[in-house]
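Participant: all I have is the shape, not the residue letters:
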């Protein structure tokens, strides 16, 4: 639309404009329709990446030759690289960081008795998608794979490839739907803070929209001014998610049921607490 504006900024601004209407969605039941769109987009992205791996095969040597990279004795597929573990821990934790929305989903379910089945299926599906994308990217590009697999695919297919343009926008749609869902409980927390001083429901609805718009604007600022997306996600995963998703549940389990737990369950909880804390500290030090 505007030739003087880069494609990256076009995407950022369009995403911001598209996210604004979600400020009007006040319940997880309405947001579930947006989640369905994001789920379909995710399935399309994973299928496209896996299809590219099957169609293109191992092109890591060609990519390394194009970039002028010296392969060395390890070749194009290094099986172990210790320096990448801290960021990997953070990225893995960030991938499974949807715990904040779980209470809202549970309270809005038509059949709450199916909650445990839903959780197990969801985490299994997310794990499967991550494995498919990770293995496909590593198989195709080896050590030369970028932080986001779509960047590697785009770099090696050309900017004029219409399929890559569609895939890029599907990635944006996926992130857009996830942001809206995960921002909902945060906005709800701010609403509960200001609720005692709000005179009526009409004013509360207006304040709720302002809070959500502020969160969207803050996210836009991060997208523009934070240079490395992978490092940011890793820091969020290590500092926040590792404690919320790994350390805190195990510690709470010990605190509430410690006197009635068998020794092996206590041992597992302590392993989660110690390993989670260690990963968070070491990974944060390396990421910074």
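Facilitator: All right, it came through fine. Here the structure is a predicted model, which is why all the values come from computation and not from measurement.
Participant: C-terminal to the strand or helix carrying residue 40, what's the next element?
Facilitator: Assigned by DSSP states H and E, residue 40 falls within helix 28-56. As assigned by DSSP H and E, the chain's next helix or strand after helix 28-56 is helix 60-67.
Participant: can you pull the buried residues of that next one?
Facilitator: 60, 63, 64 (16 or more other CB atoms under 10 Å). To be clear about C-beta, it is placed using only N, CA and C from the backbone, and glycine gets the same treatment.
Participant: let me know the closest of those residues to residue 34.
Facilitator: For those, the residue nearest residue 34 by CB to CB is residue 63; the value is 36.0 Å.
Participant: residue 156 is in contact with that closest one, correct?
Facilitator: Yes: here residue 63 reaches residue 156: they are 6.2 Å apart, a contact under CB atoms under 8 Å.
Participant: okay, and the common contacts of the two?
Facilitator: Common contacts of residue 63 and residue 156 (CB atoms under 8 Å, 6 or more residues apart in numbering): residue 141.
Participant: how far away is residue 211 from residue 97?
Facilitator: Using CB to CB, to the nearest Å, we find residue 211 at a distance of 21 Å from residue 97.
Participant: over to residue 113?
Facilitator: Distance from residue 113 to residue 97, by CB to CB: 26 Å.
Participant: of those two, who's got more company?
Facilitator: Of the pair residue 113 and residue 97, residue 97 is the one with more neighbours under other CB atoms under 10 Å, namely 19 against 7.
Participant: all helices of the stretch 1-150 of the chain, in order?
Facilitator: With DSSP state H, counting those that start in this stretch as the criterion, the stretch 1-150 of the chain has helices at 7-19, 28-56, 60-67, 85-95, 102-108, 115-141, 149-157.
Participant: out of those helices, which one sits most buried?
Facilitator: helix 85-95 (a mean of 20; mean count of other CB atoms under 10 Å).
Participant: what angle sits between that one and helix 115-141?
Facilitator: Put simply, helix 85-95 runs at 140 degrees to helix 115-141, going by axes from the mean of the first three to the mean of the last three CA atoms, to 10 degrees.
Participant: quick check, distance from helix 85-95 to the centre of its chain.
Facilitator: 11 Å (CA atoms, centre = their mean, to the nearest Å).
Participant: check stretch 276-287 too.
Facilitator: Relative to the centre of its chain, stretch 276-287 is centred 19 Å away, using CA atoms, centre = their mean.
Participant: before we move on, back to that, and the helices of the stretch 1-150 of the chain as CSV, adding mean pLDDT and distance to residue 266?
Facilitator: As requested, those are exported to CSV (pLDDT from 0 to 100; distance: least, CB to CB, whole Å):
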stretch, mean pLDDT, distance to residue 266
helix 7-19, 72, 44
helix 28-56, 80, 35
helix 60-67, 77, 45
helix 85-95, 72, 23
helix 102-108, 73, 25
helix 115-141, 87, 23
helix 149-157, 77, 40
